[in-house]
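Chemist: have a look at this prediction, sequence included:
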Amino acid sequence: MSNLRLGVEVVGAHDLASKDKEGGTSLSFVELHFDHQKFRTTIKDRDANPVWNESFYFNISEPNNLQNLNLEAFVYSNHSRENNNSKTCLGKVRLTGTSFVPHSDAVVLHYPLEKHRVFSRVKGELGLKVFVTDDPSIRTSNPLPAMESDSRKTSTEAHGSKTSQPSNMVQKLFSRDKGDTRHTFHHLPKETKPKQQREMNSGPPEPQVNYGAHEMKSGPSAPRTVRMFPGAAPQPPDYSLKETSPYLGGGRVVKGRVIRADRPSGTYNLVEEMRYLYVRVVKALDLPQKDITGGLDPYVEVRVGNYKGRTTYFEKRQNPEWNEVFAFARDRLQSSVLEVVVKDKDTLLDDFVGLVRFDMNEIPTRVPPDSPLAPEWYRLEDRKGDRRKVGELMLAVWYGTQADEAFPDAWHSDAIAPKDGNSSTASSQLRSKVYHSPRLWYVRVNVIEAQDLVAQDKNRFPDAYVKVQMGNQVFRTKMVQGRTMNPVWNEDLMFVAAEPFDEHLVLSVEDRVAPNKDESIGKVVIPLTTVEKRADDRFVRGKWFTLEKYITPPTDDRQEGRSFSSRLHLKVVLDGGYHVLDEPIHYSSDLRPTAKQLWKQSIGVLELGILNADGIHPMKTREGKGTSDTYCVAKYGPKWVRTRTIIDSLSPKYNEQYTWEVYDPATVLTVGVFDNSQINSNSNGATTRDSKIGKVRVRLSTLETGRVYTHSYPLLVLHPSGVKKMGELHLAIRFSYTSFTNMMYLYSKPLLPKMHYVKPLPIAQQDMLRNHAVNVVAARLSRAEPPLRKEIIEYMSDAHSHLWSMRKSKANFFRLMSVFSGLFAIGKWFGDVCMWRNPVTTVLVHLLFVMLVCFPELILPTVFLYMFLIGLWNYRFRPKYPPHMNTRISYADAVHPDELDEEFDTFPTTKGSDIVRMRYDRLRSVAGRIQTVVGDVAAQGERIQALLSWRDPRATAIFVTFCLVAAVVLYGTPFQILALLVGFYTMRHPKFRHKTPAAPVNFFRRLPARTDSML
């Protein structure tokens, strides 16, 4: 008798079908059949993913007939251990003898379960390892029914002999039958890694095995959508929004509802009420002389405990006027006396002039909208307490809140460290302010033609072009090289201008006399204040302008001989029908046109309360410890707001509230946090950029009207080292509408003004104009006091969002896959219906299909009713929080460091040639894949064209003949019958299907494309 045996290791099953009422699989086991021999595994209780790890060995009676023998593995479910007749087949696996390999080549493969009968319900996989061995130490397994108790013993006894090498008999068997050929298992879907196999064999008896295909991929997969509507991809909890319930001025906020407090609420009901001691220093009278020269350089110092603030000083003035306000946070005051001291500025030591003391318990409280407290005269007293010869000081002292109108312009104690009296720095860099962007216009310059151009060299015709400049914006027309003195261009050039129009439009006609050498033929200067404005696309008449040699108008004594006969024909207009984009259109904060006569009335009010920040990352070192000097900037529409700067605090409290009018709900509010680098900066003219800490975007259309959203937003910033959380920003937001009808009506109106659709601008031109608009706004706001610096404007406006980034490209690809995941899910579901995975569902789909074909008028109502029901169902899972920066969607949590380094590289690049070559090669590989996809799509379209183009005469003849037959048949066949036949054929049972593609698909793939004609 031969020692050749067939070894079968039953590893485990995955995702078995449920056969009991509780959704489990009852008692599952595997039964093996081979060469009239049967073996059975142990029984697993109620497990849809059972694991056995048991080995069995079959005798091979006729080794020469091995290829004609089959191994069958049946997975059964039994409701009782005692009654073996009540078993139900969950599926089977059938392997032919041609797939058997020696033990050295065997691996664990997961076979999909096949149906035992035609109408059986089967799903899941079975993991087997099948091999042939002739090891004499291996004994044949016991047959049924003794297998129930001896299988584990057999598995243990045979485990030590699994590593034996196949003998000459096994090698001879496989070499004789197969030669050098290798069989490909087309019906085997997965192969388990050897490492996973070792872990499975050495692990616990019944571990949970993961059979997902995602383990075979490197890197993160695309975000998957669980429901029919796209939801946010999961991200780490530390990067997620946190809902809070703070006590604000109007009461406590609980899940968006404000629980009113006992006391009446004021206008600042979205922030915590903060008490301040206000001191207004107005002026002084009859101050005494202190210097030897008889002069006095007075200033006032206000002191409360360790905090003190100073006014500016005046030289040689005994009756100075300051009119400055100081605000001291009441919760930080530890003194009961307020001292207002007048001093004389001196080189070495300032002289004492006089002071006024106030008892903190006697200071009155002012609550807006009460009128401002009237300042009063107070007599100063010297060091001895004498008030007769020191002078008088006009002051106003009161308690108030941040709702006081003096709050924005006041010197703040929480914005200055104790014992720091540099009030000049506080007034220029630390105060809260409201800014308004200038109104931007598009300037359209249509350069039509020129007449009688005269070059410097009279013997040649000019190669002329027009250079147009307005401020830092410079554009050129194409060069006309024809032999003519009257060139024609007819080109449109677009510029961005801001009100008030201080800049001029300068047009210069240039002659290219040599490479990189141009000569000016003449210039035209057009003040923008003289340019016509329009709010639509009405016709604008052109004007002729005389070319002059001087940019500035010449004087009378130079007038003669300086004017040329050359002229330039132009159309210049200020287009007010566009919205000048200074932000990406996908999250713009304003969509109104420039011309005010086109503005509609507001639809609501947006209220923002900037409460506090927490856990701010230290941005600098001061006195040996990390600290930050932070302030917030919020932008919505043309209105920018900046909070006061809080010094030396990693958990600053702002509690400032701002309001905007809303004209469109499809807009976005942006709030950024920055570190002030201008404090104690060098005064040698060197510029220091303010550091970005993070920003938050909130889309108004995602907010419920009237609800107060109080959330702690994580401040996420992408650094060259990866994404980093810089802290959290606590905001309170409320959007209230004034007209519900107008707001709902806006959803039917175009997003942009009419001119964007009547005369649309190209995408490349829009990006260029947006960059110019950001520069114009930055140049204007950087001159304010305190300034909004250029880096802040660029960061808040995402000025560089259009630049290339490998990370953003991957993120957008995964977003696209997430969008189409719903269609993929529907296609998979329909594929399961066609394959009869669930017979009940398939039968119901057939009935629904027959009903819709017989009553086609029900198709559209059924579709809309289904969408309505989906919407109602998804209402239960609607987002509770406004959307926020998502690291998974941004592909920021798994980005390669080199891709980040490329994203933060300057433009043009400053990297070495090796790095640039590597990145260029990587970009070529990505572009090659895109090129292949585009080529495949083009090939499919060319195959469609080849159906009737006779490029393949036989294919076109077959298709034309088919069209004729189909036309004759369809003329006599009702449409309902045809639709039923097509539907039933598409959803036919797998028993009537073939493994190969259908004939129409084969015919289409054989059609010629033009791929073979490409070089």
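Modeler: Here it is on my side, so go on.

Chemist: pull the longest helix from the chain.
Modeler: Ranked by number of residues, the top helix in the chain under DSSP state H is helix 913-949.

Chemist: pretty sure Trp398 sits in a strand.
Modeler: Yes: inclusion of Trp398 in a strand is indicated when DSSP: H, G, I helix; E, B strand; the rest coil is applied.

Chemist: pLDDT on the longest helix of the chain, on average?
Modeler: The predicted model assigns helix 913-949 a mean pLDDT of 90.

Chemist: once you drop chain neighbours, what's closest to the residue positioned nearest the centre of the chain?
Modeler: Nearest to the mean C-alpha position of the chain, by CA atoms, centre = their mean, lies Ser890 at 5.1 Å. Using CB to CB, 6 or more residues apart in numbering and skipping the chain neighbours, the partner closest in space to Ser890 is Ala811 (5.5 Å). For glycine as for every other residue, the C-beta is placed from the backbone atoms N, C-alpha and C.

Chemist: what lies in contact with stretch 958-971?
Modeler: Contacts of stretch 958-971 from elsewhere in the structure, counted by CB atoms under 8 Å, 6 or more residues apart in numbering, are 947-948, 978, 1003.

Chemist: at 6 Å what do you get?
Modeler: Contacting residues not belonging to stretch 958-971 are listed as Leu947 [CB atoms under 6 Å, 6 or more residues apart in numbering].

Chemist: for it, list the C-alpha coordinates in CSV.
Modeler: What follows is stretch 958-971 as a C-alpha-only set of coordinates in CSV (Å, rounded to 0.1, in the frame of the first residue of the first chain):
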residue,chain,number,x,y,z
ILE,A,958,-22.2,42.5,-37.6
PHE,A,959,-23.4,45.6,-35.8
VAL,A,960,-25.3,47.0,-38.8
THR,A,961,-27.0,43.6,-39.3
PHE,A,962,-27.9,43.5,-35.6
CYS,A,963,-29.4,47.0,-35.8
LEU,A,964,-31.6,45.9,-38.8
VAL,A,965,-32.8,42.8,-37.0
ALA,A,966,-33.4,44.8,-33.8
ALA,A,967,-35.4,47.4,-35.6
VAL,A,968,-37.6,44.9,-37.2
VAL,A,969,-38.2,43.0,-34.0
LEU,A,970,-38.7,46.2,-31.9
TYR,A,971,-41.3,47.5,-34.4
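
Chemist: from the chain's centre, how far out does that stretch sit?
Modeler: Relative to its chain's centre, stretch 958-971 lies at 52 Å (CA atoms, centre = their mean, to the nearest Å).

Chemist: specify the angle between the strand or helix carrying Phe824 and helix 913-949 in degrees.
Modeler: Under the criterion of DSSP states H and E, Phe824 resides in helix 806-834. Helix 806-834 and helix 913-949 meet at an angle of 40 degrees, taking axes from the mean of the first three to the mean of the last three CA atoms, to 10 degrees as the criterion.

Chemist: now helix 806-834: average pLDDT?
Modeler: If you average the pLDDT over helix 806-834, you get 89.

Chemist: now swap in stretch 743-761 and tell me
Modeler: Rounded to a whole number, the mean pLDDT of stretch 743-761 is 91.

Chemist: show me what counts as buried in that stretch.
Modeler: Of the residues in stretch 743-761, those buried by neighbour count under the rule 16 or more other CB atoms under 10 Å are 743, 746, 752-753, 755-756, 761.

Chemist: export those residues to a markdown table and tack on distance to Arg642 and secondary structure?
Modeler: Rendered in a markdown table, the data for these read as follows (distance: CB to CB, whole Å; DSSP: H, G, I helix; E, B strand; the rest coil):
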| residue | distance to Arg642 | secondary structure |
| --- | --- | --- |
| Met743 | 29 | helix |
| Leu746 | 30 | helix |
| Leu752 | 29 | coil |
| Pro753 | 29 | coil |
| Met755 | 33 | helix |
| His756 | 31 | helix |
| Leu761 | 32 | coil |
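
Chemist: hmm, back to that, quick one: the residue nearest to the centre of the chain is in a strand?
Modeler: No: with three-state DSSP as the criterion, Ser890 is assigned coil and is not in a strand.

Chemist: that one contacts Lys810, doesn't it?
Modeler: No: in this structure, Ser890 sits apart from Lys810 without contact. The criterion is CB atoms under 6 Å, and the distance is 9.8 Å.

Chemist: which residues of the stretch 551-700 of the chain score low on pLDDT?
Modeler: 551-564, 680-687 (pLDDT under 70).

Chemist: for it, what spans make up the helices?
Modeler: Listed from the start of the chain, the stretch 551-700 of the chain has helices (DSSP state H, counting those that start in this stretch) covering 556-559.

Chemist: same deal with the stretch 351-500 of the chain?
Modeler: So, for the stretch 351-500 of the chain - with DSSP H, counting those that start in this stretch - the helices run 423-425.

Chemist: could you say what helices and strands the host helix or strand of Ile792 packs with?
Modeler: Counting by DSSP H and E, the element that carries Ile792 is helix 790-797. Counting contacts by 3 or more CB pairs under 6 Å, 6 or more residues apart in numbering; DSSP states H and E, helix 790-797 packs against helix 763-781.

Chemist: and for Phe475, the neighbour number?
Modeler: The number of residues packed around Phe475, counting by other CB atoms under 10 Å, is 16.

Chemist: from memory it sits against Glu491, does it?
Modeler: No: contact criterion CB under 6 Å: Phe475 and Glu491 do not qualify, at 9.0 Å.

Chemist: tell me who's in contact with Arg1005.
Modeler: Under the criterion of CB under 6 Å, 6+ apart, the contact list for Arg1005 is empty.

Chemist: let's see that with 10 Å instead.
Modeler: Contact partners of Arg1005, counting by CB atoms under 10 Å, 6 or more residues apart in numbering, are 939-940, 943, 997.

Chemist: how far off centre is stretch 648-661?
Modeler: With CA atoms, centre = their mean as the basis, the distance from the averaged C-alpha position of stretch 648-661 to the chain average is 25 Å.

Chemist: excluding covalently adjacent residues, which one is nearest to Lys571?
Modeler: Distance criterion CB to CB, 6+ apart; nearest residue to Lys571, sequence neighbours excluded, is Asn446 at 3.8 Å.

Chemist: the one you found is in contact with Asp492, isn't it?
Modeler: Yes: the pair Asn446 and Asp492 qualifies as a contact (CB atoms under 10 Å) at a distance of 5.3 Å.

Chemist: any shared contact partners between those two?
Modeler: Lys571.

Chemist: what is the end-to-end distance of stretch 270-278?
Modeler: Here the two ends of stretch 270-278 are set 22 Å apart, with distance taken as CA to CA, to the nearest Å.

Chemist: begin at 18, not 1, for the rest of this chat.
Modeler: Renumbered: residue one is now 18, and that last one reads stretch 287-295.

Chemist: buried ones in that stretch?
Modeler: Buried positions in stretch 287-295, judged by neighbour count with 16+ other CB under 10 Å: 287-291, 293-295.

Chemist: what average pLDDT does it get?
Modeler: Mean pLDDT, taken over the full extent of stretch 287-295, equals 87.

Chemist: do the same with stretch 1023-1032
Modeler: With pLDDT averaged residue by residue, stretch 1023-1032 scores 88.

Chemist: re the thing from before, the residue nearest to Ser907: how many residues sit nearby?
Modeler: Burial of Ala828, expressed as a neighbour count using other CB under 10 Å, amounts to 20.

Chemist: can you map out the helices along the stretch 68-217 of the chain?
Modeler: Along the stretch 68-217 of the chain, counting by DSSP H, counting those that start in this stretch, helices occupy 164-176, 185-195, 211-219.

Chemist: okay, now Ala749: neighbour count?
Modeler: Burial of Ala749, expressed as a neighbour count using other CB under 10 Å, amounts to 26.

Chemist: and the strand or helix carrying it, what does it pack onto?
Modeler: Following DSSP H and E, the helix or strand that holds Ala749 is strand 739-754. Counting contacts by 3 or more CB pairs under 10 Å, 6 or more residues apart in numbering; DSSP states H and E, the secondary-structure elements packed against strand 739-754 are strand 621-631, strand 647-653, strand 670-679, strand 685-692, strand 708-716, strand 725-736, helix 914-920.
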